[in-house]
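> after the sequence you'll find the predicted model.
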Amino acid sequence: MATQTVIAYPSSQNVPALNDFLAKVFGAVEKERAVGSAGGYHTELLIGDTRLMVGGGGAGVEWNGEARPMAFHIYVPDVDATWKLAQEQGAESLQAPANQEWGERTANVKDPSGNFLVHRDFSGIELFLRWCAHRAAVLATPPCSSRDRFHEGYVCCE
């Protein structure tokens, strides 16, 4: 597994349940599970090409810390199906699937552990180039992020 510069580490009152949710909705694969020195779970998951660490409590561990939910933007092949599946697995809908002016289709849910999950579906190069033009028009010199630079080989900004 390649090294990431930043790895998110939310904590949950029920790590096994959160990992199960992430597996069912996003295809997360649990790569490691251990009990740490604080008496709680430490797990590592892989969602697509990204590693995520999840820690906290659950059945069989002594951890009594405080949950620290986070917000995540997750690219999925089908926003509508993922939004529906997330709700079937206990998530609360915060925003139904909608097309955004910058070219993505998004939906938002709050998972049963309190994390906010934004599902995104980058819908094609034409929309990407339109989004780049929109950024250039709004910002005199648009900042670049790794996401801005590439989409199917196209460069949004220099």
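Received the coordinates, thanks.
> show me the contacts for L18.
P10, S12, V54, G56, D111, P112, S113, N115 (C-beta atoms under 8 Å, 6 or more residues apart in numbering). Glycine gets a C-beta too; all of them are placed from N, C-alpha and C.
> oh, I was asking about G58
Contacts here follow C-beta under 8 Å, 6+ apart; on that basis G58 touches S12, Q13, N14, V15, P16, A17, G40, Y41.
> again, but for A67
Counting by C-beta under 8 Å, 6+ apart, A67 touches P10, S11, S12, Q13, G56, S113, G114.
> how's the chain carved up into domains?
11-122, 124-158 (automatic domain parsing).
> right, so of those, which gets closest to T5?
With C-beta to C-beta as the measure, domain 124-158 is the member of the domains of the chain nearest T5 (10.2 Å).
> want to throw the contacts of A67 into a markdown table with neighbour count, pLDDT and secondary structure?
Output for the contacts of A67, formatted as a markdown table (neighbours: other C-beta atoms under 10 Å; pLDDT from 0 to 100; DSSP: H, G, I helix; E, B strand; the rest coil):
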| residue | neighbour count | pLDDT | secondary structure |
| --- | --- | --- | --- |
| P10 | 21 | 96 | coil |
| S11 | 22 | 96 | strand |
| S12 | 27 | 96 | strand |
| Q13 | 18 | 96 | coil |
| G56 | 27 | 97 | strand |
| S113 | 23 | 95 | coil |
| G114 | 15 | 95 | coil |
